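In: Here's a sequence, model it:
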Amino acid sequence: MALTGGFDPAAATAAYLAQLPPQAHARAEAYTHGGHWVLLWSAVIGIAISWLVLRSEILVRLRRRISSRRRRFGLAVLVVVAVDVGLETLLALPWRAYSDWWRERGYGLTSQDFAGWLGDALLMGLISLVVTTLLALGIYALIRRAPRRWWLWSAGVTGVVVMILLVVAPVVIQPLFNTYRPAPPGPVRDAVAALARANGVPSDKIVIYNGSRQSNRYTANVSGLFGTARVAMSDVMFQKGADLAEVRGVVGHEMGHYVRHHALILTAAYSLLALVAFFLVDRLFQPVLALTGADGVEGLADPAGYPVIGIIIVVLSLLGQPISNSIIRMVESDADQFSLKVANEPDGLAKALVKTIEYRAASPSRVEELLFYDHPAVSRRIRRCMDWKATHPPAAQAP
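Out: Next comes the predicted model:
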């Protein structure tokens with residue numbers, strides 16, 4: 001059913017984008033384009049740090065010391081990889097302090113003080129150290145037991161680990177950083193509960209968290225898997241004046257991720273990418289090791305060569321960014337379509353999208369979007385909302 005009155009989706013899209021002054025759009029473009037350089041420099045710095053650790057031969061001496069006492073391969077992997085991850089995390093802290101805190105603060109995207117950021121960064125580094133070390137233990141065991149097909153089995157192990165992390169994150173990891181509570185009684189909770197019931201989502205799975213503790217970004221997310229999956233709205237949404245139409249539009253989008261099982265889709269996709277990455281690690285390890293000029297590493301099965309694997313993964317991740325971004329953009333577009341279908345709040349979703357422009361320039365070129373954007377461009381998402389509005393009745397009139 002088309003709307004009457006000569007509604008023009010293109011003009012409506014332009015009107016939404018014009019709600020922000022030119023200075024705000026210019027600032028968003030500066031932040032976004034700077035972020036592209038941050039991505040490149042993060043890779044360069046990560047490679048340099050891995051190279052420094054390799055050339056120091058700290059890991060080689062540590063592995064020799066453990067191996068000389070007794071044949072304890074598992075212990076050597078745990079200790080060597082843990083030391084490497086710890087060292088690289090600490091060496092990267094100055095850069096991360098700039099890219100993840102100072103730069104965000106300069107653009108007004110966080111109000112968190114440095115001590116708070118540092119505490120969160122160190123805690124996340126500790127969690128990453130534990131997970132990475134345990135995953136490495138499994139992968140190195142596969143390298144020794146199945147040297148020709150280890151990369152195939154390792155991709156499966158990685159997928160299982162990702163699924164476990166998705167399950168435990170909402171109940172174990174996320175509460176370490178933020179407080180999650182059900183929406184308080186009132187119109188917001190009533191609207192969310194009604195939308196949840198209509199789409200088979202338990203209403204107690206939609207919560208509000210104090211995201212303003214770390215970030216001033218207008219955002220929501222879906223996390224968890226199976227029984228732990230939930231939709232979480234940052235309190236920043238309400239600090240920035242989200243009305244019921246926005247809440248319905250945003251929650252509808254996040255419910256799309258939940259109902260359409262996007263977490264499982266992404267896990268499967270990343271497991272395939274991991275398969276390719278591990279295969280290339282198997283083929284490229286020796287040439288890259290030779291390029292580093294490091295001595296003492298006894299091959300792929302030697303945990304002292306773990307930084308070499310890190311270098312290869314960093315390069316592959318950078319080169320594969322357009323592929324992973326495209327996969328995420330597809331599920332984000334699907335979630336937008338789900339929201340429009342079940343919530344029918346094109347203006348609510350469009351209003352929410354406008355508020356995300358401050359950290360994601362609205363109108364990139366197609367090439368820039370393909371290379372760097374893990375969400376569809378805001379201008380194109382708003383236009384999709386307006387095209388929907390042109391052919392569907394308002395939510396208040398819809399059955």
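
In: Any idea how far apart the tips of stretch 293-306 sit?
Out: 15 Å (Cα to Cα, to the nearest Å).

In: Give the buried residues for it.
Out: Buried residues in stretch 293-306, defined by neighbour count with 16 or more other Cβ atoms under 10 Å: 294, 297, 300, 301, 302, 303, 304, 305, 306. In this view, the C-beta of every residue, glycine as well, is placed from N, C-alpha and C.

In: farthest-separated two in those?
Out: Looking at the buried residues of stretch 293-306 by Cβ to Cβ, the two members farthest from one another are 294 and 301, with 15.6 Å of separation.

In: coming back round to it: and the buried residues of stretch 293-306 as JSON lines, adding secondary structure and pLDDT?
Out: Compiled in JSON lines, the buried residues of stretch 293-306 are given as follows (DSSP: H, G, I helix; E, B strand; the rest coil; pLDDT from 0 to 100):
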{"residue": "294", "secondary structure": "coil", "pLDDT": "91"}
{"residue": "297", "secondary structure": "coil", "pLDDT": "93"}
{"residue": "300", "secondary structure": "coil", "pLDDT": "95"}
{"residue": "301", "secondary structure": "coil", "pLDDT": "94"}
{"residue": "302", "secondary structure": "coil", "pLDDT": "94"}
{"residue": "303", "secondary structure": "helix", "pLDDT": "95"}
{"residue": "304", "secondary structure": "helix", "pLDDT": "95"}
{"residue": "305", "secondary structure": "helix", "pLDDT": "96"}
{"residue": "306", "secondary structure": "helix", "pLDDT": "97"}
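
In: which one of the residues you listed is nearest residue 376?
Out: Each of the buried residues of stretch 293-306 was scored against residue 376 by Cβ to Cβ, and residue 306 proved nearest at 36.7 Å.

In: what about that closest one, distance to residue 228?
Out: In this structure, residue 306 lies at 31 Å from residue 228, with Cβ to Cβ, to the nearest Å as the measure.

In: Check residue 186 too.
Out: Remark: distance between residue 186 and residue 228 (Cβ to Cβ) = 26 Å.

In: So between these two, which is more surrounded?
Out: residue 228 (16 against 8; other Cβ atoms under 10 Å).

In: What values do phi and psi take at that one?
Out: Geometry field for residue 228 lists phi and psi as phi -100, psi 0, criterion degrees, to the nearest 10.

In: isn't it right up against residue 164?
Out: No - if you go by Cβ atoms under 8 Å, residue 228 and residue 164 don't touch, sitting 11.0 Å apart.
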